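J.: give me the fold of what follows.
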Amino acid sequence: MSTATLPPPTGPMSADEFLRLHGDESGIELIDGQVVRLPMPGLEHGEVCLNVGAIIREHVKSRRMGRVFSNDSFVRLNDDRVRGPDVLFISYQTMPADVPTPKGAYAPPLELVVEVRSPFNTIREMTLKADEYLEAGVKVVLIVEPETASVGVFRSEELPQRFHNGDVLELPDVLPGFAVPVKQFFE
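T.: Residues are numbered from 1 along each chain as shown. From the prediction side, this is the model:
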């Protein structure tokens with residue numbers, strides 16, 4: 001298995017308990033009530049996460065569209081699952097500009113989650129993770145694949161789309177006006 005599961009002291013842990021006990025930690029998630037420690041994914045992963053986050057943040061901030069968060073900003077998907085996506089975008093329509101950024105986790109709905117595939121993740125794991133986000137109310141999920149310089153775009157009730165190095169990625173439903181060559185995520 002690619003991740004290490006730590007057994008909770010007594011049975012499955014709730015999202016509330018996880019956030020109370022582990023809300024100040026990074027590199028962990030709550031999956032089916034179990035605390036899972038994620039291995040450090042390395043420099044390439046960090047570089048791609050920063051590239052994607054910077055590109056999205058520049059677009060969002062220049063248009064005053066919302067907020068962009070980075071690694072380990074907890075998203076509470078349900079009562080026994082808390083994930084830490086690599087990048088997430090929450091519009092001002094969902095979280096108004098005059099509302100202080102919440103401490104701890106945020107629960108969907110939210111507009112966009114980005115996960116960058118780490119060397120230890122399988123494609124199946126990433127697809128299941130995208131499905132979890134969509135089921136919880138995330139509008140669009142991007143799975144960024146450094147190995148193939150491609151991006152998978154997942155939306156509810158639609159087949160996933162794949163964009164490659166020579167393609168331009170547009171996300172009009174969550175980031176109006178966003179049109180970025182996929183290769184920029186990997187430069």
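J.: give me the nearest residue to His164, chain neighbours excluded.
T.: Ser150 (4.9 Å; CB to CB, 6 or more residues apart in numbering). Bear in mind the C-beta positions are built from the backbone N, C-alpha and C, glycine included.
J.: just Gly177 next, same as before
T.: Arg63 (6.7 Å).
J.: on the pLDDT front, check that neighbour for me.
T.: The model reports Arg63 with a pLDDT of 97.
J.: just give me the neighbour total for it.
T.: By other CB atoms under 10 Å, 12 other residues sit near Arg63.
J.: same check on Asn121?
T.: So Asn121, with other CB under 10 Å, has 20 neighbours.
J.: separation between the residue nearest the centre of the chain and Phe69?
T.: For the chain, Pro85 is the residue whose C-alpha lies nearest the centre (CA atoms, centre = their mean; 2.9 Å). As defined by CB to CB, to the nearest Å, Pro85 lies at a distance of 8 Å from Phe69.
J.: can you tell me how far the residue lying closest to Glu187 once chain neighbours are set aside is from His59?
T.: In space, and not counting its chain neighbours, Glu187 is closest to Asn51: 6.9 Å by CB to CB, 6+ apart. Between Asn51 and His59 the computed distance is 13 Å (CB to CB).
J.: also Arg37?
T.: Remark: distance between Arg37 and His59 (CB to CB) = 33 Å.
J.: of those two, which one has the most company?
T.: His59 (19 against 12).
J.: burial of Asn78, as a residue count?
T.: 14.
J.: which pLDDT does the model give it?
T.: Asn78 carries a pLDDT value of 88.
J.: do the same with the one 10 residues further on
T.: Leu88 carries a pLDDT score of 95 in this model.
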